[in-house]
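> 3D model of this:
(3 chains)
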Amino acid sequence: MNIDENILHSFGGESIRYKAKEFIFREGEHSLYYFQVISGKVKLNTFNDDGKEFIQNILGKNQSFGDPLLFIDRLYPTNAVSLEAVEIIRMPKSNFIDMLQKHPDLSLEMNACLSQRLYYNSLMVRNMASQNPIHRLQGLMEYLKSYYDGDCQHCFPVELTRQQIADLTGLRVETVIRIVKKMVNEEIIKLDGRRILY
DNA sequence: CCATTAACTGGTC
DNA sequence: GACCAGTTAATGG
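Residues are numbered from 1 along each chain as shown, chains lettered A, B, ... in the order given. The predicted model follows:
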């Protein structure tokens, strides 16, 4: 979801800046806001019993989070942590609902966004259930690429560290490093220095 | 620069 | 593949 900044502000959205590695909200807290990223990156993560991190998603500019919980009364299922210095617009739930009522077009767009997220989530679940690590990585890249405008082959830059890819796929860094090299050999991806192009 | 972070390698289970 | 140990390369103040 990407809503015009002016509209967000006119309905009580406030700009907030976070430094790197700050919690924007924590798992188990009550959800009270809609969040939209203006600049920087945010990750949604959880930790398993062993303390291993699992990243559910990484959001960048013009992407929103917290919105699936705007329409239901549940607690946050994940933490939201800034990966770097970020600027975010935060809008209280009630204001958001009010905004949707006064902007039916946004309401429709919201439906489309939630639908698309649902759709890609199901694809991700399939890929992540795969025992084949190449499929896991490729599925992740396919998902990330879906937000990307360009259309050429092997030119979508995956702006993630190998560690982040590992935390997103449930694999180990070393495995990711080795799989990446294998995928380069099989010409599934290309490298620009260390950057992965899919 | 130096210190931190990320990428990589090799070996064991 | 996970897990561990150790090295090298890149990044940033």
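> Tell me the predicted confidence for the residue in chain A that DNA strand C sits nearest to.
Nearest residue of chain A to DNA strand C, counting by Cβ to the nearest atom of the strand: residue A:133, 2.5 Å away. Bear in mind the C-beta positions are built from the backbone N, C-alpha and C, glycine included. Looking at residue A:133, its pLDDT is 96.
> List the contacts of it.
Listed by Cβ atoms under 8 Å, 6 or more residues apart in numbering, the contact set of residue A:133 reads A:169, A:171, A:175, A:179.
> and those as a markdown table, adding pLDDT?
A markdown table is the format used below for the contacts of residue A:133 (pLDDT from 0 to 100):
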| residue | pLDDT |
| --- | --- |
| A:169 | 97 |
| A:171 | 97 |
| A:175 | 98 |
| A:179 | 98 |
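> Reformat those residues as JSON lines; add secondary structure, neighbour count and distance to DNA strand C.
Converted to JSON lines, these look like this (DSSP: H, G, I helix; E, B strand; the rest coil; neighbours: other Cβ atoms under 10 Å; distance: Cβ to the nearest atom of the strand, whole Å):
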{"residue": "A:169", "secondary structure": "helix", "neighbour count": "23", "distance to DNA strand C": "8"}
{"residue": "A:171", "secondary structure": "coil", "neighbour count": "19", "distance to DNA strand C": "4"}
{"residue": "A:175", "secondary structure": "helix", "neighbour count": "17", "distance to DNA strand C": "3"}
{"residue": "A:179", "secondary structure": "helix", "neighbour count": "22", "distance to DNA strand C": "7"}
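> Among these, which one lies nearest to residue A:90?
Of all the contacts of residue A:133, residue A:90 sits closest to residue A:169, with 29.6 Å by Cβ to Cβ.
> My guess is that closest one contacts residue A:134. True?
No. Look at residue A:169 against residue A:134 with Cβ atoms under 8 Å: they stay out of range, at 10.7 Å.
> Any part of the longest helix along chain A near DNA strand C?
Criterion DSSP state H: the longest helix present in chain A is helix A:104-129. No. Using Cβ under 7 Å from any atom of the strand, helix A:104-129 stays clear of DNA strand C, with a minimum separation of 11.3 Å.
> what's the angle between the helix or strand following that helix and helix A:104-129?
Using DSSP states H and E, the next helix or strand after helix A:104-129 towards the C-terminus is helix A:133-145. With axes from the mean of the first three to the mean of the last three Cα atoms, to 10 degrees as the basis, helix A:133-145 and helix A:104-129 are set at 170 degrees to each other.
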